[in-house]
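Peer 1: Fold the stuff below for me.
(one chain, ligands or ions: 1)
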Amino acid sequence: MRQKYPFTAEHLKQVEHYLEKWKAKLDLTSWRTSVKQGRHSAIGLVERIDYEGKLFRLVLGRDAGETITDHFLEQLVVHELLHIAIYPVKVMVLAEKELMGEHIHSAEHGLINILEVLLCPPKESNGPNA
Ligand SMILES: [Zn+2]
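Peer 2: This is a model prediction of the structure:
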(Lines give C-alpha, C1' and ligand atoms only; values in the text may rest on other atoms or scores of the structure.)
Protein backbone atom coordinates (compact mmCIF):
# COMPACT_ATOMS: atom_id res chain seq x y z
CA MET A 1 0.00 0.00 0.00
CA ARG A 2 1.14 3.51 -0.81
CA GLN A 3 2.73 5.42 2.06
CA LYS A 4 0.64 8.21 3.59
CA TYR A 5 1.92 11.71 4.39
CA PRO A 6 -0.79 13.34 6.52
CA PHE A 7 -0.59 16.97 7.61
CA THR A 8 -0.18 17.62 11.35
CA ALA A 9 -1.10 20.55 13.61
CA GLU A 10 2.57 21.58 13.42
CA HIS A 11 2.34 21.74 9.62
CA LEU A 12 -0.73 23.96 9.87
CA LYS A 13 1.21 26.39 12.08
CA GLN A 14 4.07 26.43 9.55
CA VAL A 15 1.57 27.13 6.75
CA GLU A 16 0.19 30.09 8.73
CA HIS A 17 3.73 31.39 9.15
CA TYR A 18 4.45 31.11 5.41
CA LEU A 19 1.12 32.75 4.56
CA GLU A 20 2.19 35.86 6.46
CA LYS A 21 5.66 35.82 4.91
CA TRP A 22 4.37 35.47 1.33
CA LYS A 23 1.39 37.80 1.64
CA ALA A 24 3.99 40.47 2.43
CA LYS A 25 6.18 39.51 -0.55
CA LEU A 26 3.26 39.30 -3.00
CA ASP A 27 1.60 42.52 -1.83
CA LEU A 28 -1.41 40.69 -0.41
CA THR A 29 -1.20 41.90 3.19
CA SER A 30 -4.71 43.37 3.04
CA TRP A 31 -6.06 39.81 2.68
CA ARG A 32 -7.25 37.95 5.76
CA THR A 33 -6.54 34.24 5.60
CA SER A 34 -7.15 31.10 7.61
CA VAL A 35 -5.91 27.54 7.33
CA LYS A 36 -7.64 24.28 8.08
CA GLN A 37 -7.32 20.57 7.53
CA GLY A 38 -9.64 19.09 4.92
CA ARG A 39 -10.43 15.63 3.55
CA HIS A 40 -10.12 16.23 -0.19
CA SER A 41 -7.53 14.51 -2.39
CA ALA A 42 -5.90 17.74 -3.66
CA ILE A 43 -2.79 18.66 -1.64
CA GLY A 44 -4.16 22.10 -0.98
CA LEU A 45 -6.83 24.42 -2.30
CA VAL A 46 -8.32 27.80 -1.60
CA GLU A 47 -11.99 28.09 -0.74
CA ARG A 48 -14.43 30.76 0.38
CA ILE A 49 -12.54 33.28 -1.73
CA ASP A 50 -14.07 36.72 -1.33
CA TYR A 51 -12.31 39.17 -3.66
CA GLU A 52 -14.37 42.12 -2.45
CA GLY A 53 -13.83 41.39 1.23
CA LYS A 54 -10.27 40.12 0.60
CA LEU A 55 -10.71 36.90 2.46
CA PHE A 56 -9.95 33.25 1.79
CA ARG A 57 -9.30 29.96 3.51
CA LEU A 58 -6.49 27.58 2.58
CA VAL A 59 -7.55 23.98 3.07
CA LEU A 60 -4.94 21.24 3.23
CA GLY A 61 -5.79 17.83 1.80
CA ARG A 62 -5.80 14.61 3.78
CA ASP A 63 -2.43 13.58 2.32
CA ALA A 64 0.54 15.49 0.90
CA GLY A 65 1.61 12.70 -1.47
CA GLU A 66 5.27 13.15 -0.47
CA THR A 67 7.43 13.84 2.59
CA ILE A 68 6.30 17.12 4.14
CA THR A 69 9.25 19.48 4.55
CA ASP A 70 9.28 23.21 5.34
CA HIS A 71 10.10 23.83 1.71
CA PHE A 72 7.15 21.74 0.56
CA LEU A 73 4.81 23.77 2.80
CA GLU A 74 6.29 27.08 1.65
CA GLN A 75 5.89 26.12 -2.02
CA LEU A 76 2.29 25.09 -1.38
CA VAL A 77 1.55 28.49 0.17
CA VAL A 78 3.25 30.32 -2.73
CA HIS A 79 1.20 28.29 -5.22
CA GLU A 80 -2.15 29.04 -3.59
CA LEU A 81 -1.35 32.74 -3.04
CA LEU A 82 -0.43 33.07 -6.72
CA HIS A 83 -3.99 32.00 -7.61
CA ILE A 84 -5.17 35.02 -5.62
CA ALA A 85 -2.49 37.38 -7.00
CA ILE A 86 -3.21 36.43 -10.63
CA TYR A 87 -6.98 36.76 -10.39
CA PRO A 88 -7.16 40.37 -11.67
CA VAL A 89 -5.21 39.33 -14.78
CA LYS A 90 -7.62 36.47 -15.35
CA VAL A 91 -10.61 38.81 -15.19
CA MET A 92 -8.97 41.18 -17.66
CA VAL A 93 -8.11 38.41 -20.14
CA LEU A 94 -11.61 36.93 -19.88
CA ALA A 95 -13.14 40.30 -20.61
CA GLU A 96 -10.89 40.99 -23.59
CA LYS A 97 -10.67 37.62 -25.25
CA GLU A 98 -13.94 36.01 -24.21
CA LEU A 99 -12.05 32.74 -23.89
CA MET A 100 -13.60 29.74 -22.26
CA GLY A 101 -12.92 29.37 -18.54
CA GLU A 102 -11.22 26.00 -19.08
CA HIS A 103 -8.50 27.53 -21.27
CA ILE A 104 -7.94 30.39 -18.89
CA HIS A 105 -7.59 28.01 -15.98
CA SER A 106 -4.89 25.91 -17.63
CA ALA A 107 -3.07 29.06 -18.83
CA GLU A 108 -3.26 30.39 -15.27
CA HIS A 109 -1.85 27.14 -13.92
CA GLY A 110 1.00 27.13 -16.42
CA LEU A 111 2.00 30.62 -15.31
CA ILE A 112 1.62 29.78 -11.63
CA ASN A 113 3.82 26.70 -11.93
CA ILE A 114 6.58 28.81 -13.50
CA LEU A 115 6.28 31.55 -10.88
CA GLU A 116 6.15 29.04 -8.06
CA VAL A 117 9.53 27.54 -9.04
CA LEU A 118 11.07 30.98 -9.62
CA LEU A 119 9.88 32.42 -6.31
CA CYS A 120 10.33 29.30 -4.24
CA PRO A 121 13.02 27.25 -6.03
CA PRO A 122 13.93 23.67 -5.08
CA LYS A 123 16.54 23.61 -2.30
CA GLU A 124 19.24 22.18 -4.63
CA SER A 125 19.24 25.34 -6.76
CA ASN A 126 19.55 27.76 -3.86
CA GLY A 127 23.26 28.33 -4.46
CA PRO A 128 24.72 31.84 -4.75
CA ASN A 129 24.39 31.90 -8.55
CA ALA A 130 21.02 30.17 -8.76
ZN1 LIG B 1 -3.25 25.47 -8.48
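Peer 1: Helices of the protein, residue ranges please.
Peer 2: In the chain, the helices defined using DSSP state H lie at 9-25, 70-97, 101-119.
Peer 1: Tabulate these (a markdown table), appending mean pLDDT, mean neighbour count and distance to Leu60.
Peer 2: To be clear about C-beta, it is placed using only N, CA and C from the backbone, and glycine gets the same treatment. Shown next, in a markdown table, are those (pLDDT from 0 to 100; neighbours: other C-beta atoms under 10 Å; distance: least, C-beta to C-beta, whole Å):
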| stretch | mean pLDDT | mean neighbour count | distance to Leu60 |
| --- | --- | --- | --- |
| helix 9-25 | 95 | 15 | 7 |
| helix 70-97 | 85 | 17 | 8 |
| helix 101-119 | 78 | 13 | 17 |
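Peer 1: Reformat those helices as CSV; add distance to Asp63.
Peer 2: Shown next, in CSV, are those (distance: least, C-beta to C-beta, whole Å):
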stretch, distance to Asp63
helix 9-25, 12
helix 70-97, 12
helix 101-119, 20
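Peer 1: So which of these is nearest Arg62?
Peer 2: Smallest distance to Arg62 across those (C-beta to C-beta): 12.3 Å, for helix 9-25.
Peer 1: Would you mind pulling the contact partners of that closest one?
Peer 2: If you take C-beta atoms under 8 Å, 6 or more residues apart in numbering as the criterion, helix 9-25 is touched by 28-29, 31, 33, 35-37, 58, 60, 68, 70, 73-74, 76-78, 81, 119.
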